[in-house]
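K.L.:
this is a predicted model, with the sequence first.
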Amino acid sequence: MRKPALIALFVAGFLGGVVFVYSCGSSGGGGGGGTIASAASINVGKAISVLPYTITEPGLYYLTRNLSPPSGVADGIIVNADHVTIDLMGFAMDGNNSTAAGISMPGRKNVEIRNGTVRGFTTGIQDNAYGGRGHRILNMRVWSNSSWGIELGTTTHMVKDSMILYNGGGGVNIGSGSTLSGNTVFSNSGDGIVASTVSSVLGNNVYDNTGTGINLPAGESVVDGNVSLSNTTSNYACVGTCAVGINHMP
């Protein structure tokens with residue numbers, strides 16, 4: 001007699017804000033159709049379907065569609081908790097020339113933002129309060145904001161594999177002990193990258209910004225594998241001592 005067997009295929013991939021889990025039936029000849037579960041039913045995250053949205057608990061949050069806030073409101077997404085992941089799922093947050101930030105996380109710790117677009121706000125992604133640390137910005141497109149594209153104060157952040165374009169105050173302004181790698185920083189009004197002390201600036205393309213391409217005003221940082229060209233003020237500046245590897249920054 002055949003022993004019953006359960007074959008479970010977990011197709012875990014966000015599609016339109018939903019995680020699909022497909023479970024096959026037993027091998028005992030009973031038919032065994034599949035089931036599909038939503039993200040909510042298997043408790044993998046919380047959907048964001050309207051702006052503004054305030055996060056008050058740790059966990060995973062994700063966009064379900066392109067979103068814009070009503071005119072005159074506060075920040076698009078306000079993070080009032082530590083240990084949060086926001087997955088834009090390929091969607092865009094469009095502030096329509098808002099006077100607020102796209103995603104604000106004042107003084108928070110360990111917030112990850114990934115996989116989407118933030119545009120048309122004052123600052124695209126911002127933590128300019130004391131105590132903020134350990135944020136990760138991954139695979140983002142941050143463009144056409146009226147001030148900084150990304151502004152992260154205090155310490156130990158990462159901005160990786162992102163495009164920061166056409167922002168009115170500068171590209172990325174980041175605190176000490178941070179890493180910027182694999183980014184394209186183009187045509188911002190102001191400096192392209194500003195990084196505080198003990199940071200690593202690795203493998204970025206930085207060009208056509210109206211200020212300095214890579215600006216390290218506190219020194220004591222590593223700069224390697226970057227291309228910084230056609231920036232108006234200068235392509236590179238370090239105050240103090242920086243460890244400079246192989247870059248193209250004429």
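P.N.:
The structure has been received and is ready for your questions. In this text, all values refer to a predicted model and were calculated from it rather than measured experimentally. Residues are numbered from 1 along each chain as shown.
K.L.:
hey, let's count contacts and neighbours off CA atoms from now on
P.N.:
Noted.
K.L.:
shaky segments in the protein?
P.N.:
Scanning the chain for pLDDT under 70 picks out 1-43.
K.L.:
domain assignment for it?
P.N.:
Domains of the chain are assigned by automatic domain parsing as 1-43, 44-244.
K.L.:
what's the distance between the most centrally placed residue in the chain and residue 73?
P.N.:
By CA atoms, centre = their mean, the chain has its centre lying nearest to residue 137, at 2.9 Å. Applying CA to CA, to the nearest Å, the value for residue 137 to residue 73 is 24 Å.
K.L.:
repeat that for residue 103.
P.N.:
With distances taken as CA to CA, residue 103 is found 13 Å from residue 73.
K.L.:
same check, this time on residue 242
P.N.:
42 Å.
K.L.:
who has more neighbours out of these two?
P.N.:
In this view residue 242 and residue 73 are compared by other CA atoms under 10 Å, and residue 242 has more residues nearby, 19 against 13.
K.L.:
thinking that one is in contact with residue 222, fair?
P.N.:
Yes: with contact defined as CA atoms under 8 Å, residue 242 reaches residue 222; the gap is 5.9 Å.
K.L.:
confirm for me that residue 72 is in contact with residue 98.
P.N.:
Yes: judged on CA under 8 Å, residue 72 makes contact with residue 98 at a distance of 7.3 Å.
K.L.:
who has more neighbours, the two?
P.N.:
A direct count of neighbours by other CA under 10 Å for residue 72 and residue 98 places residue 98 higher, at 24 against 9.
K.L.:
sticking with that one, tell me its helix or strand.
P.N.:
Taking DSSP states H and E as the definition, one finds residue 98 inside no helix or strand.
K.L.:
list the contacts for the nearest residue to it once chain neighbours are set aside?
P.N.:
Of all residues not flanking residue 98 in the chain, residue 121 sits nearest, at 4.7 Å (CA to CA, 6 or more residues apart in numbering). Contacts for residue 121 (CA atoms under 8 Å, 6 or more residues apart in numbering) come out as 94-102, 144-146.
K.L.:
buried ones among those residues?
P.N.:
Those of those that meet the buried threshold are 94-96, 98-102, 144-146, by 16 or more other CA atoms under 10 Å.
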